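**Q** For reference, the sequence and a predicted model appear below.
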Amino acid sequence: MVSKLTRKDMHDYQVDAYGKILNGRRSLLLADMGCGKSIITLTAIADMMDVYKTNGKRLKVLIVAPPSVTNNVWEQEAELWEHTRHIKVVPLVGTAEQRARKMEIDADINVVSFNNLKKWSLDLQKKLAEEKATEFPYQWVVVDESGMLRTPSSQRTRLVNKLCAYVPRITLLTATPVPKSEYNLFSQIKILDGGKRLGKTQQQFRERYFTVTTHDGVETINIRDAECRQKLIERIADISFRYDAKDHLPSKGVINNTVWCSLSNSARMLYDEFFEEFIAWLEETSVIDAVNSGVRFGRLHQIANGTVKDTEGNVRIVHSGKLDRLLDTIDALAPRNVLVAYTHVGDRDRILDVVEGSVHFKGSSKKKLKRWNENPDSGLVYVLSPASAAHGLNMQKGGSDIICYGIPTNSDEYTQLIGRVNRQGQQRAVSVHHIMTRGTVDEQIYNTILR
């Protein structure tokens, strides 16, 4: 049995961050992916639950999160730690009837997705009216990946604003902003203070701290100068806390982050059947098979990623868990440039089809390489095979984030992939985000490659 992590396993900066969240009713936690925003927040929730209990009350928390995070990420994170495993986390997912049943479960934390927020709000209003309730059932709202609230007028931002008006405690969690994403702080800070620190309108905020240039019809917003950046940081310093991975995670220049997803029920049945039988039917006329364990391993890797080739050579889609997590990760890192590594052609084609603006990078294109290195923090998404990340390919000027959609089984290719950005001249900590499917060969590959 795997032993649970304890408070003693938390980093000093995580203890510092949790204390600030606990002691501040409204706060914005800015921390890079992999810094542990979830356990920082859960620890604060656990301690606040004790405070409420001492006072004869019950704390109930609502977490609003991206769809792919809603179903199990918070629940699984709470289970990993000894001091948070007692927290009952219930995701409000499924059909309207299923969500209604889950709302009846006695939970400490409910998790609802951005996509279902409007429907859930209507369900809650109906429930409170039927019960003739006089109090809002939650005392704390946590917004995971609050960078998705970058537009003040968007429906999701307005819905979160309405929710936050009913609760005394609000915590927003998002990635550390890079220079080109500082403009997105306005909407998040306004949720916390109603416009007290950065102004009532985004126009006022823009005029005070930024310059706007237009080239070929494209508007670019940049911080005015270093003095304005410092004034902006100081203005929100009392309610925002920043933790950069490069300052807090000792990792010899590379930070390894795991982004988990799960197989759908049908994909899990397919995976397990193929693992046992070396053959499985996808449809009445489509089958996958393996003549030996090596071929089976490759097919299982494909299933874990979401697409698999049948015996006729056709690529079949079996689940979207990884793709959803990829989109969330790219959005969380925006506007940073990212390299997305794939291991199977079917995955590459699917990524290029779904991720807006993504381009296939073969490593030999001087034009694409020049664009990458000359335009850091421009939201570029380059999709490449680790095998094409040749020795000597210099990409450190354009970015520091790699997303392994599929983890390569060849350790040399994996090392060379990281070496494209983790090299002399890199100004940031290099982060490798491994999108992993639980209960699959992904875990075996990851443990072997990072051994």
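**A** Thanks, I have it. Nothing here was measured: the structure is a model prediction, and the numbers come from that model.

**Q** isn't residue 254 right up against residue 430?
**A** Yes. Look at residue 254 against residue 430 with Cβ atoms under 8 Å: they come within range, at 5.0 Å. (Glycine included, C-beta is placed from N, CA and C.)

**Q** any common contacting residues for these two?
**A** Residues touching both residue 254 and residue 430 (Cβ atoms under 8 Å, 6 or more residues apart in numbering): 418, 422.

**Q** Could you pick out the longest helix of the chain?
**A** Scanning the chain for the longest helix, with DSSP state H as the assignment, gives helix 37-54.

**Q** quick one: buried residues of the next helix-or-strand element following that one?
**A** Heading C-terminal from helix 37-54, the first helix or strand you meet, by DSSP states H and E, is strand 61-65. Buried positions in strand 61-65, judged by neighbour count with 16 or more other Cβ atoms under 10 Å: 61-65.

**Q** Could I get the buried residue list for the next helix-or-strand element following strand 61-65?
**A** Once strand 61-65 ends, the next helix or strand along the chain (criterion: DSSP H and E) is helix 67-70. Buried residues in helix 67-70, defined by neighbour count with 16+ other Cβ under 10 Å: 67-70.

**Q** Over to stretch 167-179?
**A** So for stretch 167-179, counting by 16+ other Cβ under 10 Å, buried means 167, 169-178.

**Q** What of stretch 222-235?
**A** 223, 232, 235.

**Q** Not counting its neighbours along the chain, what's nearest the second one?
**A** Take residue 232 and drop its neighbours on the chain: the residue closest to it by Cβ to Cβ, 6 or more residues apart in numbering is residue 209, 5.4 Å away.

**Q** On the pLDDT front, check that neighbour for me.
**A** Note for residue 209: predicted pLDDT of 93.

**Q** host element of the residue nearest the centre of the chain?
**A** Geometric centre of the chain, nearest residue: residue 329, 4.4 Å, by Cα atoms, centre = their mean. Counting by DSSP H and E, the element that carries residue 329 is helix 321-333.

**Q** same question, residue 187
**A** Secondary structure (DSSP H and E) places residue 187 in helix 185-193.

**Q** packing partners for that helix?
**A** Helix 185-193 is packed against strand 26-31, helix 155-164, strand 169-174, helix 202-209, with contacts defined by 3 or more Cβ pairs under 8 Å, 6 or more residues apart in numbering; DSSP states H and E.

**Q** which other helices and strands contact the longest one?
**A** Identification of packing neighbours for helix 155-164 by 3+ Cβ pairs under 8 Å, 6+ apart yields strand 61-65, helix 117-131, strand 140-144, helix 185-193.

**Q** ok so, going back, if you compare the helices and strands packed on helix 185-193, which one is most tucked away?
**A** strand 169-174 (a mean of 24; mean count of other Cβ atoms under 10 Å).

**Q** This completes my enquiry, with thanks.
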